[in-house]
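Quick check, what structure comes out for this input:
(2 chains, ligands or ions: 1)
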Amino acid sequence: MSTPLDQLFTRTRSENRAALIAYIPAGFPTQEGCKAVIDAFANAGVDAIEIGFPYSDPVMDGPTIQEAANASLIAGTGAKEVFEALAHATALGIPSVVMTYWNPIEKYGIDKFAESIASNSGSGVITPDLPVDEAQPWTAASHSSDINSIFVVAPSTTDARLEKVTAQCSGFVYAASLMGVTGARTGVSSEAKDLVDRIKKVTKIPVAVGLGVSTREHAKEVAGYADGVIVGSAFINALNDADSLDSGIKAVRALVQQLALGVREGRG
Amino acid sequence: MNPSSTDVRAGHFGQFGGRYVPEALIGALDEIESAHNAAQKDPEFLAELAHLHKTYSGRPSIITEAKRFAEHAGGARIILKREDLNHTGSHKINNVLGQALLAKRSGKKRIIAETGAGQHGVASATAAALMGLECVVYMGEEDTKRQALNVVRMKLLGAEVVPVTTGSKTLKDAINEAMRDWVTNVETTNYLFGTVAGPHPFPTMVRDFQKIIGEEARTQVLELTGKLPDAVLACVGGGSNAIGIFYDFIKDKDVRLIGLEAGGDGVETGRHAATITGGTPGVLHGARSYLLQDENGQTVESHSISAGLDYPGVGPEHAYLSEIGRTEYRAITDAEAMYAFSLLCKTEGIIPAIETAHALAGALQVGRELGKDSTLLINLSGRGDKDVVTAAEYFGIPL
Ligand SMILES: Cc1ncc(COP(=O)(O)O)c(C=O)c1O
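Numbers count the residues shown, from 1 in each chain, chains lettered A, B, ... in the order given. Reported below is the predicted structural model:
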């Protein structure tokens, strides 16, 4: 099996750079606005896209993504809209995944969810609240549908556990840069590099770092040691700070261009 | 050990339970689990906890026969287990003393808690004061209003109370916020979970600290009546007072175990918190159990006049016991609960918590069904001081 995401990392590794992975919740700022954001991601140089499945109880998310998800839920976003956004992204030729808490998958049907990811040309799913201990039904479904199952590890994850988790991972390993929730921060935690170093000792799977990455400088720093740089809250902030969708999209595009430079500077 | 309540995978109750949490918390949950397992076998820990029960919170709690109330319950014998007489006014202190002792033994300096009715928050603030720990309590903004008295109590006890303004602004959202705090501060902080829900080991650990209710009550009822009760009743929010009084009776197959959920305006209206009666299986707050959810797996807001029962989830062991048919659950509406609340006040001179009033309303139903020769044991989980404002509004008593 080789998904578009797997192929992306093969390419970025050969180019000796990190991949830029951008996150947006489905249905945010609106159903159509989300598609415009995805277009901006694609045009301005994002390498891979994460579509968030808005969830009522997002315990891993800080206020920025919580509020965005909440607005999207109030507007009626559900599985259908998530897969539409995914299809929109993959139609642009960008390797894309869905990031979702576990209960929406279980409710949709585990096998059916994996099949819908595949039928919309998605590469896989990131499951931030599904520890590998409970993941067997999901990894089996992902395997049958030839999609990546991406798990999140944290600085508190022991070496023994890193081995166990990465053994179930494909596509990439999501390294949470710090102990905490999502949200833009002023600097990248020093724990991130240690964690990535520890992960690299137990697996050859690409490692992408998320949580708190928001600027070209951060991207450059992380690209120095990781295969992927994940940015989310910063895009939502850019959209929230703008007075119209158009100027928000412009701001997103400008931020992507900066970040795309950052992921190419890290190994310099 | 009890009859096959847990299966071979630790923390699972049949298809329910488990751990659905960010990887960041796995280490902390493992640590609490092993500290708890070690403490349960450590005579020193058990003696320290027993000493606190005896000299601080006031155990064993007494039982009271409610003869005048029973006249309204088909003449069944009604026996109340008086957890309302515990220090801080509810069963919540049983669990908190245990978990706070564990936190102290693990060298933690800070505890956090969620609270709905404020009883778990007050108990946590109390234990923190007693043991010299920093305490932060997350409470939905809605609940800070309807349980304002308890907010003041927590503050007097030196705790910080953080009103939570996200989502439904009730217990569910307080738990989310406490989880976020914990993910961030896990190294210094223990999360004192207030009920038998959440990720493993909380459902098991909280049950272990609450099962003393049923152990005492079983002996007390046998002593008073010479036989086991026909039914044991308790209200169910997350399910800790219920599992606490049920657990020692699970082996007594002829004793019916009946949980009373919050029916709000009526289960058929959709405005309720009757999770087992009106919910479906799924994952919320770290465990698979029953929950109130929509077709996309989003949690649906619950409704109840009682802050402590206003929760769209329920402990996984209840889900399991229900599935195997060992326990039964019924929904009690706000109106039925408030009727029973008032009745207990006027017939027995006891003001119960509104949560507890759901169990009392259940006793009125079940007593009439089982009739004169039956005996019902009711967990009087808490006292109603915290609810006087809500009750005054409900009954139109000017303040
Ligand atoms: C007096 C009382 N009873 C019952 C409950 C419900 O919790 P549980 O179902 O865990 O016993 C509460 C919760 O706040 C409470 O204060």
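
so where's the stretch 101-250 of chain A shaky on pLDDT?
Counting by pLDDT under 70, the stretch 101-250 of chain A contains no low-confidence range.

and it, which residues reach chain B?
Residues of the stretch 101-250 of chain A lying close to chain B (C-beta under 8 Å from any C-beta of the partner chain) are A:102-108, A:128-131, A:133-134, A:151-158, A:161, A:165, A:176, A:179-181. (C-beta placed from N, C-alpha, C; glycine too.)

burial count for B:Ala38?
Here the number of neighbours of B:Ala38 (other C-beta atoms under 10 Å in any protein chain shown) works out to 12.

Just the buried ones from the residues of the stretch 101-250 of chain A next to chain B?
A:102-108, A:128-131, A:133-134, A:151-157, A:161, A:165, A:176, A:179-181 (16 or more other C-beta atoms under 10 Å in any protein chain shown).

which element is residue 80 on?
Looking at chain A here, since you left the chain open. Using DSSP states H and E, A:Lys80 sits within helix A:79-91.

think we crossed wires, I meant chain B
According to DSSP H and E, B:Leu80 maps onto strand B:77-82.

How about B:Glu44?
With DSSP H and E as the test, B:Glu44 turns up in helix B:43-52.

Any idea what the most centrally placed residue in chain A is bridged to?
With distances taken as C-alpha atoms, centre = their mean, A:Glu50 lies nearest the centre of chain A, 4.1 Å away. A:Glu50 forms beta bridges with A:Tyr23, A:Val97, as assigned by DSSP bridges.

For the residue in the stretch 1-150 of chain A positioned nearest to chain B, grab phi and psi.
In the stretch 1-150 of chain A, the residue that lies nearest chain B is A:Lys107 (3.1 Å; C-beta to the nearest C-beta). Per-residue torsions, A:Lys107: phi -70, psi -40 (degrees, to the nearest 10).

Contacts only, for the spatially most central residue of chain B.
When C-alpha atoms, centre = their mean is applied to chain B, the residue found nearest the centroid is B:Ser240 (3.5 Å). Neighbouring residues of B:Ser240 by C-beta atoms under 8 Å, 6 or more residues apart in numbering or on different chains: B:91-92, B:95, B:194-196, B:206-207, B:210, B:315.

can I get these in CSV with neighbour count and secondary structure?
Below are those laid out as CSV (neighbours: other C-beta atoms under 10 Å in any protein chain shown; DSSP: H, G, I helix; E, B strand; the rest coil):
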residue, neighbour count, secondary structure
B:His91, 32, coil
B:Lys92, 32, helix
B:Asn95, 28, helix
B:Gly194, 32, coil
B:Thr195, 31, coil
B:Val196, 32, coil
B:Val206, 31, helix
B:Arg207, 23, helix
B:Gln210, 27, helix
B:Gly315, 31, coil
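
Please identify which of those is nearest to B:Asp181.
Closest approach to B:Asp181 among the contacts of B:Ser240 (C-beta to C-beta): B:Gly194, at 14.6 Å.

Secondary structure element holding the closest residue to the closest one other than its chain neighbours?
Of all residues not flanking B:Gly194 in the chain, B:His120 sits nearest, at 3.3 Å (C-beta to C-beta, 6 or more residues apart in numbering or on different chains). If you go by DSSP H and E, B:His120 is part of helix B:119-131.

and the angle for that helix with helix B:43-52?
Counting by axes from the mean of the first three to the mean of the last three C-alpha atoms, to 10 degrees, helix B:119-131 lies at 110 degrees to helix B:43-52.

And the next helix or strand past helix B:119-131?
Using DSSP H and E, the first helix or strand after helix B:119-131 is strand B:134-140.

where exactly do the helices run in the stretch 251-399 of chain B?
For the stretch 251-399 of chain B, helices defined by DSSP state H, counting those that start in this stretch occupy the ranges B:275-278, B:316-323, B:334-348, B:354-370, B:388-395.
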